[in-house]
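Build me a model:
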Amino acid sequence: MKPRIRWLGLAIALAITPAWAPAAWAQTSVRYSVAGTVTGMDGAALPDAEVTIVAGRLDSVRVRSDTAGHFSASGLSSSAVTVSVRRLGYQPKSIDVTLRESGSAPLVIALDANPAELGTVKVREIAEESDARLREFYARRATNNFGRFIEQSDIEKRHPQFISEMMRSVPGVTLSASGRVGNTLRIRGCAPLVWIDGVRIPNSQIDEVVTPSDVAAVEVYSSFAGIPAQYFDRTATCGTILVWSRSK
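Okay, here's the model as predicted:
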């Protein structure tokens, strides 16, 4: 009797499987796409903006806007996505979007200018000025024992998704996933003060204002010790990060 029972069970399994397997496969094979344009508040297109689309915990896509500010991504596994946009000189922005299987209307994401940066940064027209910034960086790297120094070749070697990942090995630095863009970086439990090309950017996380491809060099100071005098700020009790951008 046992062989008959075994064959009967197999026959039942074969009869049941075709009824539900195709439906389950079809359900998980649905993919979504998203497209849009990144602009300033004046409506002007913003090229080379970094756009991160997160669909679920493990599914994320990162693209850049083209010369007309357009971006697109496809093959997303969830209809509920978060689209995060950031660009040097602008406040980052994140929006939640529900996509349609048949296709969704293109998004228009307008970014606010970063007044702290745009109000102070001067246009650098001469390459020698940029070289001077990096000469100072390398001079400090050779003589300053208090800072941690990261150069462009270090970044290119590791290819990090976010620039904060280059600082995991700095004593006192901890990273945690940000609800906005990239990681939240803290030194001994609180946020350091970020400078970009000599401009103070208060209340900012480094991943919100620069991408790895923007950066030529980084200096990290975990305390007041060693900070160059021109970048010393008594409010920076949790350390200071100096970022030097690549020449455009």
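
From one end of stretch 182-202 to the other, what's the distance?
Stretch 182-202 has an end-to-end distance of 18 Å (CA to CA, to the nearest Å).

List the buried residues in it.
For stretch 182-202, burial by neighbour count (16 or more other CB atoms under 10 Å) applies to 182-187, 191-197, 199-201. Where you see a C-beta, it was placed from the backbone N, CA and C, and this is true even at glycine.

Same question for stretch 172-180.
Buried residues in stretch 172-180 (16+ other CB under 10 Å): 173, 175, 178.

Which of those scores worst on pLDDT?
Among those, residue 178 carries the lowest pLDDT, at 90.

Just list the residues touching the nearest residue to that one once chain neighbours are set aside, thanks.
Of all residues not flanking residue 178 in the chain, residue 184 sits nearest, at 4.6 Å (CB to CB, 6 or more residues apart in numbering). Residue 184 is in contact with 175, 176, 177, 178, 191, 205, counting by CB atoms under 8 Å, 6 or more residues apart in numbering.

do that again at 6 Å, thanks
Contacts here follow CB atoms under 6 Å, 6 or more residues apart in numbering; on that basis residue 184 touches 176, 178, 205.

how close does the second one sit to residue 112?
Look at residue 178 and residue 112: by CB to CB, to the nearest Å, they are 18 Å apart.

residue ranges of the strands in the protein, please?
32-40, 50-55, 59-64, 70-76, 80-86, 93-98, 107-111, 148-151, 173-177, 183-187, 193-196, 199-201, 215-221, 240-245 (DSSP state E).

can you put those strands in CSV and add distance to residue 140?
CSV is the format used below for the strands of the chain (distance: least, CB to CB, whole Å):
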stretch, distance to residue 140
strand 32-40, 35
strand 50-55, 29
strand 59-64, 32
strand 70-76, 38
strand 80-86, 28
strand 93-98, 34
strand 107-111, 33
strand 148-151, 7
strand 173-177, 19
strand 183-187, 19
strand 193-196, 14
strand 199-201, 18
strand 215-221, 7
strand 240-245, 9
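
tell me, which of these is the model least confident about?
The bottom spot among the strands of the chain, by mean pLDDT, belongs to strand 59-64, with a mean of 84.

what number of residues lie near residue 147?
Residue 147: 22 surrounding residues under other CB atoms under 10 Å.

Tell me who's in contact with it.
Residue 147 makes contact with 219, 221, 226, according to CB under 6 Å, 6+ apart.

Does the second one have any beta-bridge partners, and if so which?
It refers to residue 221. Per DSSP bridges, the residues bridged to residue 221 are residue 240.

Give the buried residues for stretch 88-100.
For stretch 88-100, by 16+ other CB under 10 Å, it's 88, 90, 91, 92, 93, 94, 97, 99.

want to throw the residues you listed into CSV with distance to residue 68?
Below are those laid out as CSV (distance: CB to CB, whole Å):
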residue, distance to residue 68
88, 19
90, 17
91, 21
92, 21
93, 19
94, 22
97, 20
99, 22
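
Tell me how many other residues crowd residue 232.
Using other CB under 10 Å, residue 232 is surrounded by 11 other residues.

Distance check, it against residue 218.
For residue 232, the distance to residue 218 equals 18 Å [CB to CB].

who's in contact with the residue nearest the centre of the chain?
Here the mean C-alpha position of the chain is nearest to the C-alpha of residue 182 (CA atoms, centre = their mean), at a distance of 4.3 Å. With contact taken as CB under 6 Å, 6+ apart, residue 182 is in contact with 162, 164, 207.
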